[in-house]
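1. Fold the following and give me the result.
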Amino acid sequence: MKTSKPVLVAVGVICLALVGFALYLQHAKDMLPCPWCIIQRYAFVAVAIICFIFAAMPRPLAKTGAWLGMLAALGGLGAAGWHLWVKAHPSVSCGLDPLETSLNKIPTAEMLPFVFKADGLCTTEYEPILGLSIPQWSATWFVILAIVLIWAALRQDR
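-> From the prediction side, this is the model:
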């Protein structure tokens, strides 16, 4: 089996670019992230870290990294799916609840609050980007990343 290390690096770069875009929306466009937005950021960062680490390892381990990255992407897809469910049911809120409090106490949130601090409400409606809400974009990207990582894990030597 040959897994393409450049694919793992590309997926990692895409994940970091998506987190960078989320930071742009947060800090330049005042779109405050809710707890589920932050969980999705953690998932994108997890996929990136997994991909970068396994891209640096011997080739046989890269396949394992692709599978682990795919699992992290599916976890992020689950978080995005739940976020979409909350947005579809405005009576359910994830605002000032134990999830937000516990997320904001994680060491990464305390060390990097400008990246990982949840300040917003899940039900806040922001202007769509190219017709999709932020959690819809997030879910779309998690699906794309999972498919690419499955392809990389199953890729055969030619």
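
2. burial count for Q26?
-> 19 (other CB atoms under 10 Å). Where C-beta positions appear, they are placed from N, C-alpha and C, glycine not excepted.

3. Look up how far A118 lies from it.
-> Look at Q26 and A118: by CB to CB, to the nearest Å, they are 11 Å apart.

4. what does F142 give?
-> 19 Å.

5. got it, and L84?
-> For L84 relative to A118 (CB to CB), the value is 17 Å.

6. ok, those two, which is more surrounded?
-> A118 (26 against 17).

7. dump the residue contacts of that one.
-> A118 is in contact with P33, C34, P35, C37, I38, E100, L103, N104, A109, counting by CB atoms under 8 Å, 6 or more residues apart in numbering.

8. what do you get if the cut-off is 7 Å, keeping everything else the same?
-> Listed by CB atoms under 7 Å, 6 or more residues apart in numbering, the contact set of A118 reads P33, C34, P35, I38, E100, L103, N104.

9. What does the pLDDT read for the fourth one?
-> You'll see I38 listed with a pLDDT of 89.

10. what does the fifth one give?
-> Model confidence at E100, expressed as pLDDT, equals 66.

11. for the chain, what spans make up the helices?
-> Using DSSP state H, the helices assigned to the chain run over residues 5-27, 35-55, 59-88, 98-103, 107-111, 113-116, 134-154.

12. ok, back up a step: what touches both of Q26 and A118?
-> Contacts common to Q26 and A118, judged by CB under 7 Å, 6+ apart, are P33.

13. one step back: quick check: which of the helices of the chain is nearest to E125?
-> helix 59-88 (8.1 Å; CB to CB).

14. quick revisit: of the helices of the chain, which stretch is the most buried?
-> Most buried of those, by mean neighbour count (mean count of other CB atoms under 10 Å): helix 35-55, with a mean of 23.

15. What are the contacting residues of it?
-> Contacts of helix 35-55 (CB under 7 Å, 6+ apart): 5, 8-9, 11-12, 15-16, 18-19, 22, 61-62, 64-65, 68-69, 72-73, 75-76, 79-80, 82-83, 86, 94, 99-100, 103, 116, 118, 122, 134, 138, 145.

16. Stretch 4-13 too?
-> Against stretch 4-13 from outside (CB under 7 Å, 6+ apart): 47-48, 51-52, 54-55, 62, 65-66, 69, 145, 148-149, 152, 155.
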